[in-house]
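> Any chance you can model this:
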Amino acid sequence: MPRIGDPAPQFSLPTDGGGRVNLSDFAGKKVVLYFYPKDDTPGCTKEACDFRDNFTAVRGAGAEILGVSPDSATSHDEFKAKWGLPFPLLADEDHSVAEAYGAWKEKVLYGRTFMGIERTTILIDEHQKIAGVWNRVQPVGHAQHVLSVLKGEQPAPVPVDTTPPKPAPVKLPERSAPAKPAAAPASAPKAKPPAKAKPAAKAKPKKPLKALAKKAVKAVKKAVAKVKKKAAKPAKKAPKKGK
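Residues are numbered from 1 along each chain as shown. This is a model prediction of the structure:
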């Protein structure tokens, strides 16, 4: 955006009615060059009608009014005729003049980011130098403020920087090498668990005495029977001699 005292960027633009306007045509006069977003929209209409209502007073203070937007000259014709605007409207369709004067900005509407006209007014003095800058203009009452500056009732405004500040780079803490884990203290050798005692062999249950006596009796009976059997057998006769 131009600063106070800078030479005003020169331009030559088509205007309503098929004409053409050059900034150099106004050398020796003050110029109120105001940039607005779009013809026949609510805010732009209020601003244009305010300048219309103060047109004679502005001229009486030695200045000319020029309106500039990216609309075509045909659109300007319709807008001018509808609202009876007495000053030229310039067609900056490639927005090159708006860029030169710092009025073409990044805007945000309903969360959507886009490039467009930021409502801006530039006061150019008789020597074609920047004498005042209004940016982020509020449409209602703006023309009266411009007129009061032209009359010397208020000082000329200086531009306000509306560029959103860039976020400061976040400095991440330097990563330090991970600390090595402390060596575990030497521990005493683990004691071996005591050997498991072998279970004692199960003692074979002794046979009851009654069973043993019974077995002994049975054995005796068997022996006796054997002896009797042997005794009952007849003795073998001896063979007769001589035969």
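> who are the neighbours in contact with the residue nearest to Val21 when sequence neighbours are not counted?
Of all residues not flanking Val21 in the chain, Thr15 sits nearest, at 4.9 Å (C-beta to C-beta, 6 or more residues apart in numbering). In this view, the C-beta of every residue, glycine as well, is placed from N, C-alpha and C. For Thr15, the contact set (C-beta atoms under 8 Å, 6 or more residues apart in numbering) comprises Val21, Ala73, His76, Pro88, Leu89, Leu90, Ala91.
> now for the helix or strand hosting the third one, which elements pack on it?
With elements taken from DSSP states H and E, the one containing His76 is helix 73-83. Other elements packing on helix 73-83 under the criterion 3 or more C-beta pairs under 8 Å, 6 or more residues apart in numbering; DSSP states H and E are helix 42-53, strand 89-91.
> quick one: which of those is nearest Lys214?
Minimum separation from Lys214 across the helices and strands packed on helix 73-83 (C-beta to C-beta) falls at helix 42-53, 130.8 Å.
> next SSE after that closest one?
With elements assigned by DSSP H and E, the helix or strand that comes after helix 42-53 is helix 55-60.
> avg pLDDT for that next one?
For helix 55-60, mean pLDDT rounds to 97.
> which residues are contacting it?
Helix 55-60 is contacted from outside by Val32, Phe51, Glu64, Ile65, Pro86, Phe87, Ala143, Val146, Leu147, Leu150, using C-beta under 8 Å, 6+ apart.
> neighbour-wise, which of those leads?
If you count neighbours using other C-beta atoms under 10 Å, the busiest of the contacts of helix 55-60 is Val146, which has 27 neighbours.
> tell me which element it is part of?
Per DSSP H and E: helix 142-150 holds Val146.
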